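# model the structure of this input:
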Amino acid sequence: MTISIDQQLGNYRLIQLLGKGGFADVYLAEHSYLGTYAAIKVLGMRLTSDNIELFSKEARTIASLVHPHILRVLDFGIEKGIPFLVMDYASNGTVHYVNAIPEARFYQLTLSSPTSNKLLQLCNTFMKEN
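As a prediction, the model looks like this:
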């Protein structure tokens, strides 16, 4: 499945490509009914019936992460085998851009916090799968 601008994924219409990465492309999208914006991360792989449940479980795990410096996962879906995550749209720019602003302060998560433990588990799972 080729992803293109103006394509519909779930309730979202893709408006603009925001960035490309090694495992996913991120698009700005608008909710068809609410008119709200979100970032849609489209993973660059097709899911088989065997790993759909794994993706669903991981998406639920990511959605449970709540921290001021983590973009929330609002929803997820699979269109013709292509998985995607619906996330908060950071309209103020990328982390790279924000880090360039001297006044910006970010606080490192300690390894003992529940949020960072979940994040580490998730990263380990993706590293093992890929």
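
# would you map the strands across the protein?
Along the chain, the stretches classed as strands by DSSP state E are 8-9, 12-20, 24-31, 37-43, 73-79, 82-87.

# as a markdown table, the ones you listed with mean pLDDT and mean neighbour count would be great.
For the C-beta atoms, the positions are set from N, CA and C on the backbone; glycine is no exception. Formatted as a markdown table, these follow (pLDDT from 0 to 100; neighbours: other Cβ atoms under 10 Å):
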| stretch | mean pLDDT | mean neighbour count |
| --- | --- | --- |
| strand 8-9 | 91 | 14 |
| strand 12-20 | 93 | 15 |
| strand 24-31 | 93 | 19 |
| strand 37-43 | 92 | 20 |
| strand 73-79 | 90 | 17 |
| strand 82-87 | 90 | 22 |
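
# what are the contacting residues of stretch 69-82?
The contact list for stretch 69-82 (Cβ atoms under 8 Å, 6 or more residues apart in numbering) reads 1, 3, 9-10, 38-39, 42-43, 45-48, 52, 55-56, 59, 62-63, 65-66, 83-88, 90, 106-107, 115, 119.

# dump it to CSV, keeping only the CA atoms.
Below are the C-alpha coordinates for stretch 69-82, written out as CSV (Å, rounded to 0.1, in the frame of the first residue of the first chain):
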residue,chain,number,x,y,z
HIS,A,69,7.6,15.4,27.4
ILE,A,70,6.0,12.4,25.6
LEU,A,71,3.5,12.9,22.8
ARG,A,72,0.4,10.9,23.6
VAL,A,73,-0.9,8.1,21.3
LEU,A,74,-4.6,8.9,20.8
ASP,A,75,-5.5,6.0,18.5
PHE,A,76,-4.1,3.4,16.2
GLY,A,77,-5.2,1.4,13.3
ILE,A,78,-4.3,-1.0,10.5
GLU,A,79,-5.2,-0.2,6.8
LYS,A,80,-4.6,-3.1,4.4
GLY,A,81,-1.9,-4.5,6.6
ILE,A,82,-0.1,-1.2,7.2
